[in-house]
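S.K.: Compute the structure for the input listed below.
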Amino acid sequence: MKKTVVAALLATLATTALADINVGVTLSATGPAASLGIPEKNTIDLLPKTIAGQKVNYIVLDDASDTTTAVKNAKKLISESNVDLIIGSTTTPNSLAMVDVAAEGETPMIALAASARIVEPMDAKRKWVFKTPQNDAQMSTAIVEHMTNNDIKTVAYIGFSDAYGEGWYNEFAKLAEVRKIKLVANERFNRTDTSVTGQVLKALSARPDAILIGGAGTPAALPQKSLKEKGFKGLIYQTHGVANNDFLRVCGKDCEDTVLPTGPVLVAAQLPADNPVKKTATEYVGKYEAAYGKGSVNAFGGYAWDAGILLANAAPVALKKAQPGSKEFRAALRDALEATRNVAGSHGVYNMSANDHLGLDQRARVMVTIKAGGWKLAK
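M.R.: This next block holds a predicted model:
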């Protein structure tokens, strides 16, 4: 009898010790945001397969850049795969739609989309949600500073007609007003549009010194190409939503001299040696390019890499409190993510708190100019 009890206990302990950490991932590997989602998906393959001796499984689904599918994926990952964490999605609309699902399932989520609305204002739902991309407010500040330094007085805005475009307009408009930069046009387009001629002509009729395009991925090339076609000679700014090589390919020569803010990973080799992000960013670039070819790295894969870094930092803490697959582990993982301090990623140094589930400061941004089909760190 005693031997039977001991054997049962040992079996239970062995089963517990072998519990895996399951990470659910939903990304936009197809659809309009595919140029962003594909490098994120590629990066998931590079994330550690063990953390603190515990095996990690990544269950990756494609949401096809569709909000409804992203929600379905998140629900499936929680209810059927019993994941301990969700990474995704790629776009702001998808990530915003997933917040309710993560909160209802009491499952921590690390979004790979930019809008501050994903984690702000903090409430009972958003307490389960974190993100790695820089807020649009942070990047707007960098753009406004560059405009001020270049004596830009008037700006036209052409942005997505969704949460991403609206978020960027709101943040930029507030800062522009403070800096006495006049917004003379506010035009919108859909990610799936094939022409923006009407919006571009309206923007040009206001005779702006510069134009800010509030888009992401390859669809953001459409207004830029149209502006060049119509002969616009002023400065064109893009957001960090275009920091990938597919955008450069689609936009071609029409991208030359475009200015945008981005995370330091995009120009890791150009960073000064004392930059706190240089080591981590360079490591990621090396691993990604070893797997996918020289020059293939971009900012979006870096967001997924940083999600992996945050998980690797938080999981050992959570494992001391509970086992993967349990409600208690998910809660402990959420608490550990919120307690992140001085963790260097490829995009910046993360310092989370109860009211800040991004945790990046100004070290997470640089200004770059597109020169000869590549990214050049602006001085």
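S.K.: alpha carbons only for contacts and neighbour counts from here, please
M.R.: Fine.
S.K.: for the stretch 201-350 of the chain, what spans make up the helices?
M.R.: Taking DSSP state H, counting those that start in this stretch, the helices of the stretch 201-350 of the chain run over residues 221-229, 245-251, 278-292, 299-319, 327-338.
S.K.: For A173, which of those is the nearest?
M.R.: helix 221-229 (19.7 Å; C-alpha to C-alpha).
S.K.: Quick check: buried residues in the closest one?
M.R.: In terms of neighbour count (16 or more other C-alpha atoms under 10 Å), helix 221-229 has its buried residues at A221, L222, P223, Q224, K225, S226, L227.
S.K.: who touches it?
M.R.: Residues from elsewhere that reach helix 221-229 (C-alpha atoms under 8 Å, 6 or more residues apart in numbering): 158, 194-197, 200, 213, 236, 247, 250-251, 254-255.
S.K.: hang on, the earlier thing: now for the buried residues of helix 221-229: which two are most distant?
M.R.: Of all pairs in these, the most separated under C-alpha to C-alpha is A221 and L227 at 9.9 Å.
S.K.: With mean pLDDT added, can I get the helices of the stretch 201-350 of the chain in TSV?
M.R.: Compiled in TSV, the helices of the stretch 201-350 of the chain are given as follows (pLDDT from 0 to 100):
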stretch	mean pLDDT
helix 221-229	97
helix 245-251	95
helix 278-292	97
helix 299-319	97
helix 327-338	98
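S.K.: do you know which of those helices lies nearest T43?
M.R.: Checking the helices of the stretch 201-350 of the chain against T43 by C-alpha to C-alpha gives helix 299-319 as the closest, at 5.6 Å.
S.K.: Report all helices and strands that that closest one contacts.
M.R.: The helices and strands touching helix 299-319, judged by 3 or more C-alpha pairs under 8 Å, 6 or more residues apart in numbering; DSSP states H and E, are helix 34-44, strand 50-51, helix 327-338.
S.K.: Could you rerun that using 6 Å?
M.R.: Helices and strands touching helix 299-319, by 3 or more C-alpha pairs under 6 Å, 6 or more residues apart in numbering; DSSP states H and E, are helix 34-44, helix 327-338.
S.K.: can the ones you listed go into CSV with extra columns for distance to A116?
M.R.: Listed next are the helices and strands packed on helix 299-319 as CSV, based on distance: least, C-alpha to C-alpha, whole Å:
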stretch, distance to A116
helix 34-44, 18
helix 327-338, 16
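S.K.: got those helices as a markdown table, with mean neighbour count columns?
M.R.: Below are those laid out as a markdown table (neighbours: other C-alpha atoms under 10 Å):
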| stretch | mean neighbour count |
| --- | --- |
| helix 34-44 | 24 |
| helix 327-338 | 22 |
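S.K.: To L183, which of the ones you listed lies closest?
M.R.: helix 34-44 (28.8 Å).
S.K.: Give me the mean pLDDT for that closest one.
M.R.: In this model, helix 34-44 has a mean pLDDT of 97.
S.K.: One more: stretch 203-216?
M.R.: On average, stretch 203-216 scores 98.
S.K.: what's the straight distance from one end of that stretch to the other?
M.R.: One end of stretch 203-216 sits 19 Å from the other (C-alpha to C-alpha, to the nearest Å).
S.K.: Great, nothing more from me.
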